[in-house]
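>>> sequence plus the predicted model coming up.
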Amino acid sequence: MLSAHPIQKIVVFRALQLGDLLCSIPAFRALRTTYPDAHITLIGLPWAESLLTRFPDYFDAFIAFPGYPGLPEQEVVPEKITAFLQEIQQQKFDLALQMQGNGSIVNPLVELFGAFYTAGFYREEDYRPSPLFLKYPEGIPEIQRHLLLMNHLGIPAVGTELEFPLNSYDYDAFDQLNLQIIPQKYVCIHPGSRSVERQWPTAYFAALADYCQEHGFDVVITGTKDEAHLAEEVMQKMQHEAYNLTGRTTLGAVAVLIKHSFALVSNCTGVSHIAAAYGTPSVVISLHGEPERWSPLDQMKHRTIDWSTTPNFNLVMERLVEVVA
């Protein structure tokens, strides 16, 4: 399907958050396996430039996305959009992949990249730039959705496993925390989420944390500086002590914590996909109504509760008991 023109330069548009990018890694792995010598550029939100060092096997370059009308992830800077498009057009990509979403807003934008081939997702009621676009699959895991796009382009899958490689800087950042915890003898509690609407009540996190403490585990609370108030609320409502690392860790140090923890309890957010990458058991509370899309594929090791349809605390506790037992 992509045989009429050599594929030497590829640009991928996925300007989203951590969890979104991690769920795309199996597709990026397939892309790199099929095109091992291609130069692959990722277009993402500014934070995602760190993925070049995190995933050097999959990405060669990065371009920061300046925002676009209708996309909620960042503020739009109109004067930067023209310069952004000029930069991309000058690179004369062989293949541009729209992996941002269903294409209802961004397909015309990606077509302006000027690549020889443009591919991605589209909705039947919207504009379809070329036959290389796949009708957006609904109701399936995000990992599978992007692998279906690869398959549509003749790019075979190379497994569905997630990845989050660690480096020496991550371990150094972890060591600097000087924590008195033993691997597999602690549970990570992550009460935060980028969206307030997706945050489970702190009193419930506190109850689960106390249960873990009472069954011989230390509890480590993680989160960003902006989520410090959530960690404080959890600790105030707990009957036992916990390590509060909110705002004190790099992303890599948090990943080290999760890798060596006995389990993770969190909202459905980026850290849940880090746990899936390492095979760390987890209890994930989904409040966004799309558990079939974002839940880890291994549902025995990673228990996801759809709180939007089953707001039952006892059910969540039962899942934690299964993990701890």
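The structure has been received and is ready for your questions.

>>> count the neighbours of the nearest residue to Tyr35 once chain neighbours are set aside for me.
Excluding its sequence neighbours, the residue lying closest to Tyr35 (C-beta to C-beta, 6 or more residues apart in numbering) is Ile7, at 5.5 Å. In this view, the C-beta of every residue, glycine as well, is placed from N, C-alpha and C. Applying other C-beta atoms under 10 Å, we find 18 other residues in the vicinity of Ile7.

>>> ok, now Leu148?
18.

>>> what are the buried residues along stretch 64-73?
Going by neighbour count (16 or more other C-beta atoms under 10 Å), the buried part of stretch 64-73 is 64-68, 71.

>>> swap in stretch 131-143?
Taking 16+ other C-beta under 10 Å as the criterion, stretch 131-143 shows 132-134, 136, 141-143 as buried.

>>> who touches it?
Contacts of stretch 131-143 with the rest of the structure, by C-beta atoms under 8 Å, 6 or more residues apart in numbering, involve 1-2, 20, 23-24, 26-27, 98, 101-103, 107, 117-124, 144-145, 148-149, 152-153, 160, 162, 292-295, 297.

>>> can you give me the end-to-end span of that stretch?
For stretch 131-143, the first and last residues are 22 Å from each other (C-alpha to C-alpha, to the nearest Å).

>>> cool, and stretch 181-194?
Stretch 181-194 has an end-to-end distance of 28 Å (criterion: C-alpha to C-alpha).

>>> equivalent analysis for stretch 54-66, please.
Across stretch 54-66, the terminal residues are separated by 22 Å (C-alpha to C-alpha).

>>> sorry, back to before: identify the farthest-apart pair in the buried residues of stretch 131-143.
For the buried residues of stretch 131-143, the maximum inter-member distance is 22.5 Å, found between Leu132 and Pro141 (C-beta to C-beta).

>>> mind listing what's buried along the lowest-mean-pLDDT helix or strand in the chain?
Every helix and strand in the chain was compared by mean pLDDT, DSSP states H and E; the lowest is helix 291-294, with a mean of 89. Residues of helix 291-294 classed as buried by neighbour count (16+ other C-beta under 10 Å): 291, 293-294.

>>> tell me which of the residues you listed is nearest to Thr269?
Trp294 (9.0 Å).

>>> which residues touch that closest one?
Residues near Trp294 by C-beta under 8 Å, 6+ apart: 19, 23, 141-142, 268, 272, 286, 288.

>>> highest neighbour count among those?
Ser272 (28 neighbours).

>>> tell me the SS of that one?
Three-state call for Ser272 (DSSP: H, G, I helix; E, B strand; the rest coil): helix.

>>> okay if I get the buried residues of stretch 131-143 as JSON lines plus distance to Asp57?
Formatted as JSON lines, the buried residues of stretch 131-143 follow (distance: C-beta to C-beta, whole Å):
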{"residue": "Leu132", "distance to Asp57": "25"}
{"residue": "Phe133", "distance to Asp57": "27"}
{"residue": "Leu134", "distance to Asp57": "25"}
{"residue": "Tyr136", "distance to Asp57": "28"}
{"residue": "Pro141", "distance to Asp57": "23"}
{"residue": "Glu142", "distance to Asp57": "21"}
{"residue": "Ile143", "distance to Asp57": "18"}
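
>>> could I get these as JSON lines with secondary structure, distance to Ser193 and pLDDT?
Supplementary listing: the buried residues of stretch 131-143 in JSON lines, determined by DSSP: H, G, I helix; E, B strand; the rest coil; distance: C-beta to C-beta, whole Å; pLDDT from 0 to 100:
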{"residue": "Leu132", "secondary structure": "coil", "distance to Ser193": "35", "pLDDT": "96"}
{"residue": "Phe133", "secondary structure": "strand", "distance to Ser193": "32", "pLDDT": "97"}
{"residue": "Leu134", "secondary structure": "strand", "distance to Ser193": "30", "pLDDT": "97"}
{"residue": "Tyr136", "secondary structure": "coil", "distance to Ser193": "25", "pLDDT": "97"}
{"residue": "Pro141", "secondary structure": "coil", "distance to Ser193": "19", "pLDDT": "96"}
{"residue": "Glu142", "secondary structure": "helix", "distance to Ser193": "17", "pLDDT": "96"}
{"residue": "Ile143", "secondary structure": "helix", "distance to Ser193": "20", "pLDDT": "97"}
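
>>> no further queries at this time; thank you.
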